[in-house]
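Novice: Okay, structure incoming, though there's no sequence with it:
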């Protein structure tokens, strides 16, 4: 099954290889990316904070240099999500009142990317407080989906996915706590990877309300939230994941035909629209026809309804940093420790499941790219098979991997018509914690099996 055509612009590794061969200089690579942004971004509005002048200066300085060891991205232009600190650039998370915050230093991830030779040419758009499956705010405006300007590119890394899908940049880094890498990848038809929790440092990814306080330095990652890459191919995802990783990662080397899969296509109280269910079922059927072993149920699965309840409560407390909920109630320390206990028990149940299965296949979201809304998605509903459901129920497919801290790779599997528009559809490949490279490799092989 085909999916809406992506740009044919080269990816990150391909661009780096062309620079090494002398086919283009870093300056020419940056110039080409900026030209694409100037041609495309008036309609898409993916770029929130440009940094073209410094990017040109950095690239010109690299023109006379050669890549050093440990610089696989030498001369490659890329962007990062607006919420990552880049020295000298604004980071306001969509708040007009916080536009005075200018990052004093690079985030740890940006430092690593620059050390690998990447040239940061700007930062991409987000929803206010990174809390929506859209990407619009009063500071930077609204980002549109490159496949349909009347649709959302997803969120909160929606600007990231739109920039990659349209060909403005070959790769990006976003963050994910409620599907914020995976849903934009799914909505925009690109590859995205939710890393194992704790794998990639988020130091320098702090709310500007706190970060602008004198002497503030965050020394820990928040619960559930991760940093993860977006790209147009699996090889770029793997490289970006390794560059950001704070611990060494290894591949199992196991052949996909020797692996066992569990397909999860139903979730309590989170129905899946036919536009997602049909491409997913078709992909699973094709994989079975070429010899993959895929089960459709297992007694080893945790209680998914309870997992969703615990996930949503932890998510809401983490996003609000313990502030009172809309009903005025505030979680106690005992509530939080109870959730940590529930999460640990859930992680253990998933570990037991992965003693039998190598990977889990699942939709990233219950719908395809949604029409633009004037309010946050999670204050509204999702249209699923002709009926409106509370949007929060759709978070179940993100929480599937988020609550137990598992890695998950989203790959494009096809397309379908949703609410009158033909749109891309993705699928999650979820694995045991720290099996990030195996998830990406499995997704790559699955992509080859599905599309040749």
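Specialist: Cool, got the structure. All values derive from a computational prediction rather than experimental measurement. Numbers count the residues shown, from 1 in each chain.
Novice: Look up how far residue 301 lies from residue 263.
Specialist: Residue 263 sits 11 Å away from residue 301, going by Cβ to Cβ, to the nearest Å. Using the backbone N, CA and C atoms, a C-beta is placed for each residue, glycine as well.
Novice: Compare those two and say which is more crowded by neighbours.
Specialist: Here residue 263 and residue 301 are set side by side on neighbour count (other Cβ atoms under 10 Å), and the busier one is residue 263, at 21 against 14.
Novice: Do I have it right that that one meets residue 293?
Specialist: No - counting by Cβ atoms under 8 Å, no contact exists between residue 263 and residue 293, whose distance comes to 10.9 Å.
Novice: By mean pLDDT, point me to the weakest helix or strand of this protein.
Specialist: Taking mean pLDDT, DSSP states H and E as the measure, the helix or strand of the chain with the lowest value is helix 208-211, at a mean of 92.
Novice: helix or strand right after it?
Specialist: Scanning the chain past helix 208-211 towards its C-terminal end, the next helix or strand to appear is strand 226-231 (assignment: DSSP states H and E).
Novice: Residue 18 touches residue 24, doesn't it?
Specialist: Yes - between residue 18 and residue 24 a contact is recorded at 5.3 Å, counting by Cβ under 8 Å.
Novice: Show me what residue 81 is bridged to.
Specialist: With DSSP bridges as the criterion, residue 81 is bridged to residue 124.
Novice: pretty sure it is touching residue 162, no?
Specialist: No - no contact is recorded between residue 81 and residue 162 when judged using Cβ under 8 Å, the distance being 11.7 Å.
Novice: which residues are in contact with both of those two?
Specialist: With Cβ atoms under 8 Å, 6 or more residues apart in numbering applied, the overlap between the contact sets of residue 81 and residue 162 consists of residue 124.
Novice: neighbour count winner among those two?
Specialist: Using other Cβ under 10 Å as the criterion, residue 81 and residue 162 rank with residue 162 on top: 33 against 30.
Novice: For the stretch 351-452 of the chain, which segments count as helices?
Specialist: In the stretch 351-452 of the chain, helices defined by DSSP state H, counting those that start in this stretch lie at 396-402, 436-451, listed in chain order.
Novice: ugh, typo on my part, it should be the chain
Specialist: Taking DSSP state H as the criterion, the chain contains helices spanning 12-20, 26-44, 52-63, 108-115, 158-166, 182-188, 208-211, 234-244, 274-289, 304-320, 333-353, 396-402, 436-451.
Novice: ranking those helices by mean pLDDT, which is last?
Specialist: Confidence, taken as mean pLDDT, is least for helix 208-211 of the helices of the chain (a mean of 92).
Novice: outside of it, which residues touch it?
Specialist: 85, 91-93, 95, 98, 101, 103, 216, 218.
Novice: So which residues lie in contact with stretch 70-77, not counting its own?
Specialist: Outside stretch 70-77, the residues that reach it (Cβ under 8 Å, 6+ apart) are 12-13, 15-16, 19-20, 25-26, 29-30, 32-34, 55, 59, 62, 67-68, 113, 115-119, 121, 169-171, 239, 243.
Novice: Which ChimeraX command selects the buried ones in those residues?
Specialist: Isolation of the buried members of the contacts of stretch 70-77 (16 or more other Cβ atoms under 10 Å) is achieved in ChimeraX through the command below:
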select :12,13,15,16,19,25,26,29,30,33,34,55,59,62,67,113,116,117,118,119,121,169,170,171,239,243
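Novice: Next, format the helices of the chain as TSV and append distance to residue 375.
Specialist: Formatted as TSV, the entries for these read as follows, by distance: least, Cβ to Cβ, whole Å:
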stretch	distance to residue 375
helix 12-20	36
helix 26-44	22
helix 52-63	33
helix 108-115	31
helix 158-166	16
helix 182-188	17
helix 208-211	22
helix 234-244	33
helix 274-289	23
helix 304-320	17
helix 333-353	28
helix 396-402	20
helix 436-451	34
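Novice: Compare the ones you listed and give me the one nearest residue 251.
Specialist: Among the helices of the chain, the nearest to residue 251 by Cβ to Cβ is helix 436-451 (4.9 Å).
Novice: Could you state which residue of the chain sits nearest its centroid?
Specialist: Of all residues in the chain, the one closest to the mean position by Cα atoms, centre = their mean is residue 181, 1.5 Å from it.
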